[in-house]
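Participant: just coords:
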């Protein structure tokens, strides 16, 4: 049983293809590719912490269907685009605005938003966040786990920590880990 982290899937959100230039021709293809990518790495007994902005736009019954289609025991850290239908959907093991957990003997502070400072920073705690879609300059012990920063799929803590050691962010080195997805072009300045 592994623990995974992700954020900013934006299921059903028509803005996401344009704003973040996700490489999909339409929203149904986007949503299915993210579901397939999730299920390719997450098993039924794994745990996933989704750090906000799960869905925006689909009707409540579609949110329930998508959540049920995703493997694992799912926890939601509420994001700014998570509305009542997402928060009340059956299938969340927990729903909160903030959490502190330990994974692989590492203390983690989880929130949708990146912090300048956080509880335990001076004792090695790591802040995992979403919201910024891979656009924030990384600071020590802080990582964006959103799909735009992490190859369009949930990632383990080991993958998160090694991403910085490889040099660069996952956003700048997407390899199309979701079936049928090509490397994204970098946005022009």
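Facilitator: Here it is on my side, so go on. Here the structure is a predicted model, which means the values were calculated and not measured. Numbering: from 1, shown residues only.

Participant: can you give me the strands for the chain?
Facilitator: Ranges of strands within the chain are 3-6, 47-50, 73-77, 92-96, 98-103, 106-111, 126-129, 142-144, 155-156, based on DSSP state E.

Participant: neighbouring strands - and their directions - for the last one?
Facilitator: If you go by DSSP bridges, strand 155-156 pairs up with strand 3-6 (antiparallel).

Participant: before we move on, the earlier item: with respect to residue 21, which of the strands of the chain lies nearest?
Facilitator: Comparison of those against residue 21 by C-beta to C-beta identifies strand 142-144 as nearest, at 16.5 Å. Placement of C-beta: from N, CA and C, glycine included.

Participant: each with direction, which strands does the closest one pair with?
Facilitator: Each strand that strand 142-144 pairs with, and the sense of that pairing, follows from DSSP bridges: strand 126-129 (parallel).

Participant: residues in contact with the partner strand?
Facilitator: Here strand 126-129 makes contact (C-beta atoms under 8 Å, 6 or more residues apart in numbering) with 5, 7, 49, 51, 106-115, 118, 121, 141-145, 160.

Participant: mind listing what's buried in it?
Facilitator: Buried residues in strand 126-129, defined by neighbour count with 16 or more other C-beta atoms under 10 Å: 126, 127, 128, 129.

Participant: OK, contacts around residue 108?
Facilitator: If you count contacts by C-beta under 8 Å, 6+ apart, residue 108 has them with 100, 101, 102, 125, 126, 127, 128, 157.

Participant: try 7 Å
Facilitator: Counting by C-beta atoms under 7 Å, 6 or more residues apart in numbering, residue 108 makes contact with 100, 101, 102, 125, 126, 128.

Participant: ok, it to residue 70 distance?
Facilitator: For residue 108, the distance to residue 70 under the criterion C-beta to C-beta, to the nearest Å works out to 21 Å.

Participant: and stretch 54-68, which residues are buried?
Facilitator: When burial is assessed from 16+ other C-beta under 10 Å, stretch 54-68 yields the following buried residues: 54, 55, 56, 57, 58, 63, 64, 66, 67.

Participant: same question, stretch 36-47
Facilitator: Result for stretch 36-47 [16+ other C-beta under 10 Å]: buried residues 37, 38, 39, 41, 42, 46, 47.

Participant: the residue lying closest to residue 57 once chain neighbours are set aside: how many residues sit nearby?
Facilitator: Excluding the flanking residues, the one nearest residue 57 by C-beta to C-beta, 6 or more residues apart in numbering is residue 12, at 4.0 Å. Per other C-beta atoms under 10 Å, the neighbour tally for residue 12 reads 20.
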